[in-house]
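# just the structure for this:
(2 chains)
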Amino acid sequence: MIPAFDRRGNLPPGIHKASWEELARRYGTTPHRQKLLSGLEAACQELRRAGCRRVYADGSFVTSKGVPADFDGCWSVGETDLSKLDPVLQDLSSGRAAQKAKYFGGLFPAELPEGATGKSFLEFFQRDRRTREAKGIVELKLEEMP
Amino acid sequence: MIRNEREYRITKGAANRFEETLALMGRERASSKLTPEKQKLVREAVLSQLEDLNNQVRAYERLKSGRRRHLQAKSIEELADVLIQARIALGLTQKELAERLAVKEQQVQRYEATRYAAASLGRVSEVAQALGLQVSVGVPLPRRGEERRR
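From the prediction side, this is the model:
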């Protein structure tokens, strides 16, 4: 369940589990947002086909922002078969330019190797990058997608 | 976009942590649970994120140095960023801008923290004037019928 936005328009801190339908209902409020959602959905289906189980949606897309430029997020690497995954989703160069062109947003691998300063991208994304305030993200279970 | 010294320090701190992570990953290659292929992907992710952060740091440093002579906004939203960047480039504190506007420093802080979201167009215009900015906006028009895409 995705909680209400706080007074800044962000999700409250935490990882909020949601179904695809709930995400689409909550965030597909304009034609532009629906376009971004279609890209996220396509990326999720690609990841699912490669065995990925979790995608986390982040960035201004999951806030109350009227016109987010794109979507951000990350996906769990451990169980994913990279040989089956669209190479575009493995191209992180130039600010994820290739991903943004194809999927209208950019996704990062969620994990960092064990012991690496104790932080994963998943944790990095749960803090506002400029102010370090904690903020929430949405977790999608890919095996439950339509 | 980095808007003040605090955000600058935070961003540099984050960049440093990613640098440490890269070093650690280099040392842990043999013992990692991830395949070499996945290690490579994660390494690229860290490099990519680090590049983003370093770009932001450099852009802010360049702005502060006064070397930047021109700012651009590709949308009305970005105009807010231009106002913030112009203040920094001109070497003005939020307090000094507030004084020019005859408002409290907190008000300028709020404007910048919210990217001028709640400021009226009249106020935005006043701020541009207080900063001595000449704002010129070019607007290519969409064709009739195409303008409702958003």
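
# going by C-alpha atoms from here, please, whenever you check contacts or count neighbours.
Fine.

# next up, the contacts around A:G95.
A:G95 is in contact with B:48-49, B:52, counting by CA atoms under 8 Å, 6 or more residues apart in numbering or on different chains.

# for these, which one is nearest chain A?
Taking CA to the nearest CA as the measure, chain A lies nearest B:S48 of those, at 6.0 Å.

# so who does that closest one touch?
With contact taken as CA under 8 Å, 6+ apart, B:S48 is in contact with A:92-95.

# the helix or strand harbouring it: which residues count as buried?
Using DSSP states H and E, B:S48 sits within helix B:36-65. Buried residues in helix B:36-65, counted by 16 or more other CA atoms under 10 Å in any protein chain shown: B:38-39, B:41-51, B:53-54, B:56-57, B:59-61, B:63-64.

# rewinding a little: list just the nearest of the contacts of A:G95 to A:L23.
Closest approach between the contacts of A:G95 and A:L23, by CA to CA: B:Q49, at 25.9 Å.

# what pLDDT is listed against the closest one?
According to the prediction, B:Q49 has pLDDT 90.

# likewise for the one 10 residues further on?
Looking at B:A59, its pLDDT stands at 93.

# for A:P3, same thing?
96.

# for A:G105, which residues are in contact?
Taking CA under 8 Å, 6+ apart as the test, what A:G105 contacts is A:36, A:39-40, A:70-72, A:96, A:99.

# now do the helices in chain A.
Secondary structure of chain A (DSSP state H): helices at A:20-27, A:31-49, A:93-103, A:121-124.

# buried deepest among those helices, which one?
Across the helices of chain A, averaging neighbours per residue (mean count of other CA atoms under 10 Å in any protein chain shown) puts helix A:31-49 on top, at a mean of 19.

# shaky segments in the chain?
Because you didn't say which chain, this covers chain A. A:112-119 (pLDDT under 70).

# wait, I meant chain B there
B:30-31, B:147-150.

# any idea how it splits into domains?
As recorded under automatic domain parsing, the domains making up chain B are B:5-65, B:76-130.

# just put those in TSV and tack on distance to A:A18.
Converted to TSV, the domains of chain B look like this (distance: least, CA to CA, whole Å):
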stretch	distance to A:A18
domain B:5-65	26
domain B:76-130	28
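
# so which of the ones you listed comes closest to A:F5?
Here domain B:76-130 is closest among those (CA to CA), at 15.4 Å.

# list the contacts for B:Q94?
Contacts of B:Q94 (CA under 8 Å, 6+ apart): B:87, B:105, B:108-109.

# check which helix or strand covers the closest residue to B:V46 other than its chain neighbours.
Take B:V46 and drop its neighbours on the chain: the residue closest to it by CA to CA, 6 or more residues apart in numbering or on different chains is B:F18, 6.5 Å away. Per DSSP H and E, B:F18 falls inside helix B:5-28.

# which strands or helices does that helix pack on?
If you count contacts as 3 or more CA pairs under 8 Å, 6 or more residues apart in numbering or on different chains; DSSP states H and E, helix B:5-28 packs onto helix B:36-65.

# now the element after the helix it packs on, going C-ward?
helix B:76-89.

# next structured bit after that following helix?
helix B:94-101.

# tell me the buried residues in that next one?
In helix B:94-101, counting by 16+ other CA under 10 Å, buried: B:94-95, B:97-98, B:101.

# mind checking how far that helix is from the chain centre?
20 Å (CA atoms, centre = their mean, to the nearest Å).

# end to end, how far does stretch A:65-84 reach?
Stretch A:65-84 stretches 34 Å from its first residue to its last (CA to CA, to the nearest Å).

# same deal with stretch A:40-57?
Where stretch A:40-57 begins and where it ends lie 9 Å apart, using CA to CA.

# which residues sit against it?
Contacts of stretch A:40-57 (CA under 8 Å, 6+ apart): A:71-77, A:79-86, A:89, A:103-105, A:122, A:137-143.

# that one: how far from the chain's middle?
With CA atoms, centre = their mean, you get 10 Å for stretch A:40-57.

# how about the residues of chain B near chain A?
With the criterion set to CA under 8 Å from any CA of the partner chain, chain B comes near chain A through B:1-2, B:6-8, B:10-11, B:17, B:20-21, B:24-25, B:32-34, B:37-39, B:41-42, B:44-45, B:48-49, B:52, B:149-150.
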